[in-house]
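K.L.:
curious how this folds, go ahead:
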Amino acid sequence: MDNFTFNFRLSLEPFYIPSGARYPIFFIGLLIYLFCISCNMTLIGLIITRRNLHKPMYFILFSLPLNDLIGITAMLPKVLSDILMDTSEVYYPLCVLQGFLLHMYGGGVLFILAAMAFDRYVAICFPLRYNSIMTPHAVVAIIAVVWGLDFVLNVALFSLQARLPWCRSTVLNVFCDNPSLLKLTCGNTTINNIIGLFNTAVMQIISVSIQAFSYVKILITCLGSRQNEARSKAINTCVAQLVIFFIFEIVGTFTILSHRFQNISPDLQKIMGMLIFLVSPILNPIVYGLNTNEIRTYILKSYQMNLATPAS
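P.N.:
Residues are numbered from 1 along each chain as shown. Here you go, the predicted structure:
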């Protein structure tokens, strides 16, 4: 088969949906998607338009809703379309593009949360030097490393698939990802598996190391602080970021381990796999919209102004 022909179709393996539940599941999924899009776009819009939010913390935070939009848009519309149209076909190039974007999203979550943890470490442990350390050039460099490293790792991962011959056309998942695409090949995938494990190790080691270092230092600083209000605010900010990280890791770990056990339902594996791309886009706008005082203030003011505006 020609790996790059746009006429090469793959069949996705759908999960079982009772006939009477097809439309309710579609509308629930559509509401989730619209909620995520509107909330994450609101965060992006506020950070762009509000000058008071033009700070290092919010420039780094800007990457998080942007990454969430990439992840949920790459996955959910296709799944909802398959549910509604009762079809499960996808062209090969679109399948590869979906897999690449989903892997970019996964690595992006880890790297962005690490960058945000480092920013909080500098702000809390070195408050007087924060502006001299987190300069505009430093912030741009951090954001460039986050997206650049994620992009390079995933380009290396997916470019290796071009050398392999294809002998199957059924993707054993409801969306395309690197492991599912590798199962379609009949060549030697040893190098692919090694690079995949290497990428996972690099992403996890960098993210976990930076976050562990940052939050341990923050905890030590907060415990030694005599300012109860500042200590409480710092701890609340860090706890919110840690909750997002741990939920993402727990869902991801369960999904990976579930493929190692034969007694776990394939439908449950697919649903848990989808949750990886739903947890962050759903929780992040809530956590950072409600837990960040400046963003919460702008949202409440906008809501009050809309209520006060008389209908024409």
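K.L.:
going forward, measure contacts between C-alpha atoms and count neighbours the same way
P.N.:
OK.
K.L.:
now do the same contact list for Phe254.
P.N.:
Going by C-alpha atoms under 8 Å, 6 or more residues apart in numbering, Phe254 touches Met272.
K.L.:
check the gap between it and Met272 for me.
P.N.:
Counting by C-alpha to C-alpha, to the nearest Å, the gap from Phe254 to Met272 is 8 Å.
K.L.:
relative to Ile83, how far out is Ser19?
P.N.:
From Ser19 to Ile83 the distance is 10 Å (C-alpha to C-alpha).
K.L.:
between these two, which one's more packed in?
P.N.:
Taking other C-alpha atoms under 10 Å, Ser19 and Ile83 do not tie; Ile83 has more neighbours (19 against 7).
K.L.:
got a list of what that one touches?
P.N.:
Shown in contact with Ile83 (C-alpha under 8 Å, 6+ apart): Arg22, Phe26.
K.L.:
secondary structure element for it?
P.N.:
For Ile83, the host element (DSSP states H and E) is helix 56-85.
K.L.:
in that helix, which residues are buried?
P.N.:
Buried positions in helix 56-85, judged by neighbour count with 16 or more other C-alpha atoms under 10 Å: 56-76, 78-80, 82-83.
K.L.:
just stretch 156-171 next, same as before
P.N.:
The neighbour-count check on stretch 156-171 (16+ other C-alpha under 10 Å) flags Leu157, Phe158, Gln161, Leu164, Trp166, Ser169, Thr170, Val171 as buried.
K.L.:
stretch 183-192 now?
P.N.:
Neighbour counts over stretch 183-192 (16+ other C-alpha under 10 Å) mark Lys183, Leu184, Thr185, Asn192 as buried.
K.L.:
for the residues you listed, which one is nearest Arg296?
P.N.:
Nearest to Arg296 among the buried residues of stretch 183-192, counting by C-alpha to C-alpha, is Asn192 at 44.8 Å.
K.L.:
the nearest residue to Phe245 once chain neighbours are set aside: how many residues sit nearby?
P.N.:
Closest residue to Phe245 apart from its sequence neighbours, by C-alpha to C-alpha, 6 or more residues apart in numbering: Leu113 at 7.3 Å. Residues contacting Leu113 under the criterion other C-alpha under 10 Å number 24.
K.L.:
OK, contacts around Leu113?
P.N.:
Going by C-alpha under 8 Å, 6+ apart, Leu113 touches Ser207, Gln211, Gln241, Phe245.
K.L.:
can you read off the backbone torsions of Met134?
P.N.:
Reported as degrees, to the nearest 10, the phi and psi values for Met134 are phi -90, psi 60.
K.L.:
now it, nearest residue through space, not along the chain?
P.N.:
Using C-alpha to C-alpha, 6+ apart, the nearest residue to Met134 is Pro56, at 6.5 Å.
K.L.:
which residues does the one you found contact?
P.N.:
When contacts are counted by C-alpha under 8 Å, 6+ apart, Pro56 is found next to Asp119, Met134, Thr135, Pro136, Val139.
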